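Q: A predicted structure for the sequence below; I have some questions about it.
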Amino acid sequence: MKTYWKRILMLSLLIFMALAAVNTDHTTAQAGSLSVKGVWVSCFEYADLGLNDKSEYEFRTNANRLFSNIKANGCNTVYFHVRSYDDAIYPSSVTGWSKRISKSGAALPYDPLKILIDYSHKYGIQFHAWMNPYRVTQKKVLDPASEATVNRIVAQVKEIVNKYNVDGIHFDDYFYPTNEKKYNKVKKADRMNHVNKMVRRVYQTVKAKSSRLKFGISPAGGIDYCENIGADIKTWMSQKGYIDYIIPQIYWSDEYIMEGKKTALFSERLAEWRSYNVNDVPMYIGIALYKAGQSLKEDPGWRKRNNNISSQLAQIRAGNSEGYVLFSYVNLYQSVSSKEVTGYLTSIGSLKLNRKKKTLRVGKKFQLRATLSPARLKGRKVKWKSSNKKVAAVTKTGKIKAKKKGKVTIYASYGKLTKKCVIKVLAKKKKKK
């Protein structure tokens, strides 16, 4: 009983800390460092991105644009779908071509995966090969209890790490299926044992290639659900030899309706995941960008507020979480999510001025320039303000004019981002007689 109440107390404290983080100012929110700023690119996005059944030239052009945009949105890591239905987006000796990359399933005359990795690294973005380990179709899966299944998965992982310069292997949240009766008869403990056997072998395979390579999993956000489908997340986060990082998909707002009551579900689940991470496994939080701006009866917060994501990032910074991953890329450019995206960009953004101090003579002018990052903020309107217009005025474009002797501070701001430049104004030089 003591252990039970100790865990309840710890969970309550973590929830309180997470909720308090939402109300912190921007300076406090920026205090935590986020090593991973990631985004998922799903196989269902290939057609929209111009990556489906294209010539090599078209594929390269569109891949270059994709990674340029990922960088412009402040991301440094991509989790890219390479195996979605027991298939591959590259020439594989283990399985056939994905129809998401080749409509007919016929071999392409170029290697899409190599091109994608090359462009990813060109923009300084880490590339993790995202795989669905068991799924064959929406209804059919490979039997997790079968040794042949494990061997097949491991063979494809080995193929990828041996042939390609990936930074890691990544599994998502599909384990034991919930829609097939024969698998529902398998006990929960047996499900977890079968999945754990596969996870350990994949981890060993990745590390056998190189210790620098990472293997991680993005399980569903509900811990009970995870365990029911065989994802033994408590073991993965408490024992070595399973994963290098974990990305719980905490896909709710803090205005979720549960049993008729509004529940801070994101905050509660975040605190719960942190409480189980006893081995301090690097944890990046999966964020539901795809819900931004949507009208959802059970989760109205996504429609009522446009700062869900920026608030969630504040909570992520405030505790033992080292990053975030957005699901998914296409939602960065949808009109329904535009306000959330602006808030997200501002929350991870920075503002720099070309000068912090400047000395001017009365009557002289100087162009103060502001640079917003990430690059997608470029061109956004920066507001300018002078602390004393009588000493020096500033225009809407940042041009300063010194008027009389004294000292003044010029402020540049965008949202909660603010920088200042101190201007010292000297009297005009006296003309020599």
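A: Received it, and whenever you're ready, just let me know what you need.
Q: Could you look up the SS state of V336?
A: Secondary structure, DSSP: H, G, I helix; E, B strand; the rest coil: V336 is helix.
Q: and what of D53?
A: Here D53 takes the coil state, with states given by three-state DSSP.
Q: Now the nearest residue to it once chain neighbours are set aside, what are its backbone angles?
A: Nearest non-adjacent residue to D53, counting by C-beta to C-beta, 6 or more residues apart in numbering: K103, 4.5 Å away. Every C-beta, even on glycine, is put in place using the N, C-alpha and C of the backbone. Main-chain torsions, K103, degrees, to the nearest 10: phi -50, psi -40.
Q: and K103, how many neighbours?
A: By other C-beta atoms under 10 Å, 11 other residues sit near K103.
Q: Could you do T235 as well?
A: By the criterion of other C-beta under 10 Å, T235 has 17 neighbours.
Q: my read is it is in a helix, agree?
A: Yes - counting by three-state DSSP, one finds T235 located in a helix.
Q: now it: how far from I115?
A: When distance is defined by C-beta to C-beta, to the nearest Å, T235 is 37 Å away from I115.
Q: what ranges of the stretch 301-433 of the chain fall below the confidence cut-off?
A: 433 (pLDDT under 70).
Q: Go again with 80.
A: Applying pLDDT under 80 to the stretch 301-433 of the chain flags the ranges 431-433.
Q: can you check the stretch 51-200 of the chain too?
A: Counting by pLDDT under 80, the stretch 51-200 of the chain has low-confidence residues at 178-179.
Q: Show me where it has its strands.
A: Using DSSP state E, counting those that start in this stretch, the strands of the stretch 51-200 of the chain run over 77-83, 126-131, 168-171.
Q: which residues touch the residue nearest to N331 when sequence neighbours are not counted?
A: Residue nearest to N331 in three dimensions, not counting chain neighbours: L289, with 4.4 Å by C-beta to C-beta, 6+ apart. With contact set as C-beta atoms under 8 Å, 6 or more residues apart in numbering, L289 has these partners: 309, 326-328, 331-332, 337, 340-341, 344.
Q: Out of these, which sit inside helices?
A: 309, 340-341, 344 (DSSP state H).
Q: Let me know the closest of those to P91.
A: Taking C-beta to C-beta as the measure, P91 lies nearest V341 of the ones in helices among the contacts of L289, at 36.1 Å.
Q: Could you verify my assumption that that closest one touches L332?
A: Yes - between V341 and L332 there is a contact at 5.8 Å, judged by C-beta atoms under 8 Å.
Q: Tell me how far S253 lies from N307.
A: 10 Å.
Q: Looking at the two, which is more packed in?
A: Between S253 and N307, counting by other C-beta under 10 Å, S253 is the more crowded of the two (26 against 17).
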